[in-house]
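sharing a model prediction with you, sequence too.
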Amino acid sequence: MLIITKDTLPQIQASTKAVIIDAYASWCGPCMYMKPIFEELSKELADRYLFAELNVDDAREIAIQYGVSSVPTFIFIKDGAIKAKETGAMSKEDFIDKIKEIFG
């Protein structure tokens with residue numbers, strides 16, 4: 001899993017895989033609920049998607065660039081363009097359904 005910083009941001013933008021970003025904060029309860037789910041999916045689906053984490057407190061400028069206004073926000077990117085954003089916690093099954101819905 002990629003941690004998004006100013007240095008790693010070009011990897012997101014250049015990715016040939018679809019990208020799923022978890023914009024989170026360490027003080028956010030729903031974010032901490034989603035963390036193990038996101039980590040599991042990042043391992044299970046690593047061959048198809050690039051999973052990345054964006055700590056909104058550590059990388060505020062990047063969070064603003066992606067239009068993150070609440071946490072957790074999941075950002076779905078394909079071919080360098082944002083395809084969708086989802087806010088709030090969800091079950092692993094709902095997350096998988098959301099990925100399929102967005103990326104096909």
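Thanks, I have it. Residues are numbered from 1 along each chain as shown.

which residue is nearest the centroid of this protein?
Closest residue to the average C-alpha location of the chain: residue 21 at 1.4 Å, with CA atoms, centre = their mean.

what's near enough to touch it?
The contact partners of residue 21, by CB atoms under 8 Å, 6 or more residues apart in numbering, come to 4, 12, 51, 52, 53, 54, 66, 74, 75, 76, 77. Any C-beta I mention is one placed from the backbone N, CA and C, and that applies to glycine too.

helix or strand: which one has it?
Per DSSP states H and E, residue 21 falls inside strand 18-24.

checking residue 86 next. Helix, strand or coil?
Secondary structure state of residue 86, per DSSP: H, G, I helix; E, B strand; the rest coil, is strand.

okay, the angle between the lengthiest helix in the chain and strand 18-24?
Here the longest helix in the chain is taken by residue count, with DSSP state H as the criterion, and it is helix 29-44. Taking axes from the mean of the first three to the mean of the last three CA atoms, to 10 degrees, one finds that helix 29-44 is oriented at 150 degrees with respect to strand 18-24.

can you give me the buried ones in helix 29-44?
Of the residues in helix 29-44, those scored as buried under the neighbour-count criterion (16 or more other CB atoms under 10 Å) are 30, 31, 34, 35, 37, 38, 41, 42.

where does this protein dip in pLDDT?
For the chain, not a single residue meets the criterion pLDDT under 70.

tell me how far the longest helix of the chain is from the chain's mean position?
Here the centre of helix 29-44 is set off from its chain's centre by 10 Å, with CA atoms, centre = their mean, to the nearest Å.

same question, stretch 3-16
When distances are taken as CA atoms, centre = their mean, stretch 3-16 is centred 12 Å away from the chain's centroid.

neighbouring contacts of that stretch?
With CB under 8 Å, 6+ apart as the contact definition, stretch 3-16 has outside contacts at 2, 19, 21, 50, 52-55, 58-59, 61-62, 77, 80.

buried stuff in that stretch?
Judged by neighbour count (16+ other CB under 10 Å), stretch 3-16 contains these buried residues: 4, 9, 12, 15.

since that was my last question, I'll sign off now.
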